[in-house]
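K.L.:
build the 3D model from these lines:
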Amino acid sequence: MLDNLPRGSAPTNDAPENAPLRDDSEMFELAPVSLWLEDFSGVRALFDVWRAEGVTDLRAHFAADQSRVAECAHSIRVIKVNQKTLTQFEAADFDALTRNLASVFRDDMLKTHLEELCQLWAGQAQFTSQTVNYTLGGRRLDVLLKGAVLPGHEERWDRVLVSVEDITELEGARHRVTLAEEYVRGLFEHSPVSLWVEDFSAVKRLLDDARSAGISDFRVFTDVHPEFVERCMQEIHVLDVNQHTLEMFMAKDKKTLLSRLPDVFRDDMRPHFREQLIDLWDGKLFQQREVLNYSLDGNEVHVHLQFSVLPGHEKNWDLVLVALTDITARKKAEAYLEFLGKHDVLTKLRNRSFYVDELNRLERKGPWPVTIIMADLNGLKRVNDQLGHAAGDALLRRAGEVLAKATDAPFHAARIGGDEFAILMPDTDERGGAAMVDAIRQLVDLNNQFYPGSLLSLSMGVATCQRGDRLEAGIQRADLLMYEEKHAHYANRPAEDAPGD
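P.N.:
Below you'll find the model as predicted:
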């Protein structure tokens, strides 16, 4: 039934000889679905002509000349329709409907009609299609069309019964569902947060098995069996990730990311995942924590993780949403602020605040003996006066390079004043202190070979404190020895600034 179908005759008592029996007329008229009785004999005649001309592929025949589809449509004659049809298409009567068939069957219906014709060409006595019609008032109707050649008319197709079911509401609902799915998918794909949809059902089974085996303290169990945490980690199945995830983890596509998950979740991730498992064991199906992941180029990615078993999946954990917010910049800022709180910006050594805290800690806990080296930069005032403070700062930075190179944890070097430095050496005796002083002097000599201009020179004093000694007293002794060396340094170099300047 296409646009420009020929006007059919109204249902009258003078129906053709082969029309349905009167006993069926009432059922036809009262049927709750739109019914059309049509004559397809013109279509059958066209098919016979084309077959005689050697056409075997009707679809290709139509593709060669689209007007042939319209020719078939024009050859169909509407014999009668029922009351439901008139109501459905907002027609006052049969004549009003057939006069305006071009308004009912229009736009892309030829494409659908082509499929119906191909089904008939293939020898089927029935055909179905889903298409769009329009009421005489212009309202769109999504319809499911079904046609059947009536028994006894298979040769000529002169009686074909077509039902037109209005599925507009159903299609509207499907369309709304599709739009909702597209909306949700759009939110997922374009979220500015990394989203992971995961299946934790295998993890759930492992935890249930452990509980069934009598495990009650899961933290102790994972302390003793760290391989259980690793196994759980391997049982997570990632179902989907969004675009932001690929960008965050430097992956060119989902396949690449999913094939390299061990490169993303490694090292420091395991302790975090263990805590996540412990929370799940305790029934916490929504969790938040900060964890460390890695991008595929090897860089650290600090993330704030939000984990949630989605509603309706609490029994099996087969649908879990994980949201990762990149907090790498924040963590770097926090680390830098922490660095500033404990380090001297110019020399990159520890600062006086750290030095005081470390002294108090060593005073309380040791380990003993504790050796303290006090050092003072020689000639800084002269460099500042003659060459400027930029040159003086450069000399201080060089001192920082030397002392940082000489000290490894648990030793710490700190700048505690303008040109004053201290080295704290826990669990180190006098010989260790003397060895450190020698190492520093060698590094100073090496440093001077690489930097022309002002020579780097340090005066140093060393004191060792045993358990029960006051560290403050050791600092005073080291200070006195440092000043003695400083006086000796300036006594041999009268042209330089005096000690204490």
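
K.L.:
all contacts plus neighbour counts: C-alpha atoms, from now on.
P.N.:
Noted.

K.L.:
residue 422 contacts residue 404, doesn't it?
P.N.:
No: proximity of residue 422 to residue 404 does not meet the contact threshold set by CA atoms under 8 Å, at 11.5 Å.

K.L.:
between the two, which contacts overlap?
P.N.:
Common neighbours of residue 422 and residue 404, using CA atoms under 8 Å, 6 or more residues apart in numbering, are residue 413.

K.L.:
compare those two (neighbour count), which wins?
P.N.:
Applying other CA atoms under 10 Å to residue 422 and residue 404 shows that residue 422 carries more neighbours, namely 27 against 19.

K.L.:
beta-bridge partners for the more buried one, please?
P.N.:
Residue 422 forms beta bridges with residue 374, residue 414, as assigned by DSSP bridges.

K.L.:
tell me, how many residues neighbour residue 353?
P.N.:
Considering only other CA under 10 Å, residue 353 is surrounded by 15 other residues.

K.L.:
okay, it and residue 377: tell me how far apart.
P.N.:
20 Å (CA to CA, to the nearest Å).

K.L.:
now swap in residue 463 and tell me
P.N.:
Distance from residue 463 to residue 377, by CA to CA: 18 Å.

K.L.:
out of these two, which sits in the more crowded spot?
P.N.:
residue 463 (23 against 19).

K.L.:
quick one: contacts of the helix-or-strand element of the chain with minimal mean pLDDT?
P.N.:
Lowest by mean pLDDT, DSSP states H and E among the helices and strands of the chain is helix 22-30, with a mean of 78. Counting by CA under 8 Å, 6+ apart, helix 22-30 makes contact with 35, 81, 82, 83, 84, all of which sit outside it.

K.L.:
count of neighbours near the closest residue in space to the third one that isn't next to it in sequence?
P.N.:
Nearest non-adjacent residue to residue 82, counting by CA to CA, 6 or more residues apart in numbering: residue 29, 4.6 Å away. Residue 29 has 17 neighbouring residues, counting by other CA under 10 Å.

K.L.:
then residue 337?
P.N.:
12.

K.L.:
repeat that for residue 438.
P.N.:
Neighbours of residue 438 using other CA under 10 Å come to 12.

K.L.:
helix or strand right after the helix or strand in which it is found?
P.N.:
Using DSSP states H and E, residue 438 sits within helix 430-450. Using DSSP H and E, the next helix or strand after helix 430-450 towards the C-terminus is strand 458-465.

K.L.:
next up, the contacts around the residue nearest to residue 320 when sequence neighbours are not counted.
P.N.:
In space, and not counting its chain neighbours, residue 320 is closest to residue 309: 4.4 Å by CA to CA, 6+ apart. Residues near residue 309 by CA under 8 Å, 6+ apart: 285, 286, 317, 319, 320, 321.

K.L.:
just residue 298 next, same as before
P.N.:
residue 263.

K.L.:
state whether it is indeed within a helix.
P.N.:
No: using DSSP: H, G, I helix; E, B strand; the rest coil, the assignment for residue 298 is coil, not a helix.

K.L.:
gap between it and residue 260?
P.N.:
Residue 298 sits 12 Å away from residue 260, going by CA to CA.

K.L.:
name every strand pairing with the helix or strand containing residue 238 and say which way it goes.
P.N.:
Element membership for residue 238, per DSSP H and E: strand 237-241. Note on strand 237-241: by DSSP bridges, its sheet partners are strand 194-199 (antiparallel).

K.L.:
pull out the buried positions in the partner strand.
P.N.:
194, 195, 196, 197, 198, 199 (16 or more other CA atoms under 10 Å).

K.L.:
so what touches that strand?
P.N.:
Contacts of strand 194-199 (CA under 8 Å, 6+ apart): 188, 236-245, 248, 317-325.

K.L.:
redo that, cut-off 7 Å
P.N.:
236-242, 244-245, 317-325 (CA atoms under 7 Å, 6 or more residues apart in numbering).

K.L.:
try stretch 141-149
P.N.:
125-134, 157, 159-168, 171.

K.L.:
how about that stretch: buried residues?
P.N.:
For stretch 141-149, by 16+ other CA under 10 Å, it's 141, 142, 143, 144, 145, 146, 147, 148, 149.

K.L.:
residue 229 contacts residue 276, doesn't it?
P.N.:
No: with contact defined as CA atoms under 7 Å, residue 229 does not reach residue 276; the gap is 10.1 Å.

K.L.:
wait, residue 193 sits on residue 321?
P.N.:
No: with contact defined as CA under 7 Å, residue 193 and residue 321 do not form a contacting pair (11.9 Å).

K.L.:
contact partners of stretch 345-365?
P.N.:
By CA under 7 Å, 6+ apart, stretch 345-365 touches 342, 343, 344, 396, 397, 400, 404, 413, 414, 415, 416, 471.

K.L.:
what do you get for stretch 310-321?
P.N.:
With CA under 7 Å, 6+ apart as the test, stretch 310-321 has contacts from 196, 197, 198, 199, 200, 201, 204, 307, 308, 309.

K.L.:
reformat these into CSV and put distance to residue 40 and pLDDT next to each item.
P.N.:
Written out in CSV, the entries for these read as follows (distance: CA to CA, whole Å; pLDDT from 0 to 100):
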residue, distance to residue 40, pLDDT
196, 56, 96
197, 54, 97
198, 56, 96
199, 56, 97
200, 59, 97
201, 58, 97
204, 63, 97
307, 63, 96
308, 61, 97
309, 59, 96
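
K.L.:
what is the neighbour count of residue 106?
P.N.:
The burial count for residue 106: 16, using other CA under 10 Å.

K.L.:
go on, residue 454?
P.N.:
The tally of other residues near residue 454 (other CA under 10 Å) stands at 15.

K.L.:
one step back: next secondary structure after the strand holding residue 238?
P.N.:
helix 243-248.

K.L.:
and the next element down the chain from that next one?
P.N.:
helix 254-259.

K.L.:
and the angle for the helix or strand hosting residue 322 with strand 194-199?
P.N.:
Assigned by DSSP H and E, residue 322 falls within strand 320-326. Per axes from the mean of the first three to the mean of the last three CA atoms, to 10 degrees, the angle that strand 320-326 makes with strand 194-199 is 160 degrees.

K.L.:
got the CA positions of strand 320-326 in CSV?
P.N.:
Output of strand 320-326 as CSV, limited to C-alpha atoms (Å, rounded to 0.1, in the frame of the first residue of the first chain):
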residue,chain,number,x,y,z
VAL,A,320,30.2,-2.6,39.8
LEU,A,321,30.9,1.1,38.9
VAL,A,322,34.3,2.5,39.7
ALA,A,323,34.9,6.2,39.4
LEU,A,324,38.5,7.5,39.4
THR,A,325,39.2,11.2,39.7
ASP,A,326,42.8,12.2,38.8
